[in-house]
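**Q** Quick one, structure for this:
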Amino acid sequence: MGRYIVARLIQSIPVLILVSVISFGIMKLVPGDPATLIGGPSATPAELDVIRQNLGLDQPFHVQMWKFYAGLAQGDLGTSLLLGKPVLEATIERIPVSLSIALYSMVLTLLIGLACGVVAALNRNGWADQGAMIFALIGVSLPNFWLGLMLIILFSVHLGWLPTGGYVPWQESFYGWLRTSTMPAVSLALLQIGLLARITRSTMLEVLRQDYIRTARAKGLPEFVVIGKHAFKNVMIPVITVIGIIFSVLLSGSLVIESVFSVPGVGSLLGSAVLRRDYPMIQGGLLLVAWSLLLLNILVDVLYAYFDPRVRYDHGR
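**A** Numbering: from 1, shown residues only. Predicted structure coming up:
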């Protein structure tokens, strides 16, 4: 398994290179000039030329890209044009914020999604099944940014229970973190709860029809043992792959949600970088996000092998 993980890490290098090329090329096609934003409306053409020269924006495309990869080989993702600090430092400062929201949302997704799916499968065609699937359908149908705005109107404007935005680190106040993180986490989680609930239900129904489940019940085992020990572990085999995708979606979805709730995470950082044409921040931030998602996919593969002993990788033997 160790050799397999190393091989997957090596295979991820071309993906990262492709991501950097795409982000570099797309941003060059977007209209706008970072020098104008830095210099301000009162800057003269000569001053703008000096800014472009200092930032290297006056150089050809291939020269700029070569310098970017040369710095990347030394672990340097560049310096933000507008923040004036290294991209890696600026991104690392925001990662705990985005990660805490995504993990909170993931916990909600797992607890509610798995519970709804299992309950629906155990009560097939009953009121619990119908209710869980209606809840799942509603969750899949609602855009997260619209849900976020509705939550602000209800819980902040009308009820006054939660703040409209902002973020309190959990190290400073866990209660404050819950208050500022709950609505963003719920907005991100509801869509994924519906998806996970439907997949869990269909997988559980298939598992409950297997011979080993009938054998376990014929032995007189309690129902909670049959479901918890024999059925649920096998349900998790296909669900794990979906969980990896869900967490990737939660991380990527933070771009919009962090803007709605004014959360100072990586998503809002990249969003402002796009609006302000901060090329180094966009390229470096996207690379770090892509690397994180690749590592997440490798972790999913490892968990898949753990839950299904039949899975064996040639690299890991």
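**Q** Could you check how far Pro60 is from Val6?
**A** Distance from Pro60 to Val6, counting by C-beta to C-beta, to the nearest Å: 37 Å. The way it works is simple: take the backbone N, C-alpha and C, and place the C-beta from them, glycine included.
**Q** Give me the more crowded residue out of these two.
**A** Each of Pro60 and Val6 has its neighbours counted (other C-beta atoms under 10 Å); Val6 has more, 11 against 8.
**Q** doesn't Leu250 fall inside a strand?
**A** No - Leu250 is assigned helix when assessed by DSSP: H, G, I helix; E, B strand; the rest coil, not a strand.
**Q** Pretty sure it sits against Leu188.
**A** Yes - because the distance of 5.2 Å satisfies C-beta atoms under 8 Å, Leu250 is recorded as touching Leu188.
**Q** which neighbours do these two share?
**A** 102, 105 (C-beta atoms under 8 Å, 6 or more residues apart in numbering).
**Q** Enumerate every residue touching Leu159.
**A** If a contact means C-beta under 8 Å, 6+ apart, then Leu159 has no contacts.
**Q** And the pLDDT at it?
**A** Note on Leu159: pLDDT of 84.
**Q** And for Asp308?
**A** 60.
**Q** Pull the number of nearby residues for Asp211.
**A** For Asp211, using other C-beta under 10 Å, the count is 7.
**Q** And for Gln210?
**A** Neighbourhood size, Gln210 [other C-beta under 10 Å]: 13.
**Q** Equivalent analysis for Ala70, please.
**A** Look at Ala70: counted by other C-beta under 10 Å, it has 10 neighbours.
**Q** Other residues contacting the strand or helix carrying it?
**A** Using DSSP states H and E, Ala70 maps to helix 61-73. Defining contact as C-beta under 8 Å, 6+ apart, one finds that helix 61-73 is touched by 20-21, 24, 28, 56-57, 59, 77-78, 280, 283, 287.
**Q** quick check, nearest of those to Leu196?
**A** Leu287 (29.0 Å; C-beta to C-beta).
**Q** Among Leu250 and Leu188, which residue is more densely surrounded?
**A** Neighbours per residue (other C-beta under 10 Å) separate Leu250 from Leu188, with Leu188 holding more: 29 against 24.
**Q** Let me see the contact set for that one.
**A** 101-102, 105, 144, 250, 253-254, 257 are the contacts of Leu188 under C-beta under 8 Å, 6+ apart.
**Q** same thing with Leu9?
**A** Counting by C-beta under 8 Å, 6+ apart, Leu9 makes contact with Ile298.
**Q** What helix or strand is it located in?
**A** Here Leu9 is assigned to helix 2-29, by DSSP H and E.
**Q** Nearest residue to the residue positioned nearest the centre of the chain in space, please, no chain neighbours.
**A** With distances taken as C-alpha atoms, centre = their mean, Leu251 lies nearest the centre of the chain, 1.5 Å away. Take Leu251 and drop its neighbours on the chain: the residue closest to it by C-beta to C-beta, 6 or more residues apart in numbering is Ala102, 5.2 Å away.
**Q** What distance do you get for the one you found to Ile257?
**A** 10 Å.
**Q** just Gln59 next, same as before
**A** Taking C-beta to C-beta, one finds Gln59 at 37 Å from Ile257.
**Q** Over to Phe155?
**A** Relative to Ile257, and taking C-beta to C-beta, Phe155 is found at 15 Å.
**Q** more neighbours, these two?
**A** Ile257 (27 against 17).
**Q** Quick check: next helix or strand after whichever strand or helix holds that one?
**A** Ile257 is located in helix 232-260, with elements delineated by DSSP H and E. As assigned by DSSP H and E, the chain's next helix or strand after helix 232-260 is helix 266-275.
**Q** and that next one with helix 232-260, angle?
**A** Interaxial angle, helix 266-275 versus helix 232-260 (axes from the mean of the first three to the mean of the last three C-alpha atoms, to 10 degrees): 40 degrees.
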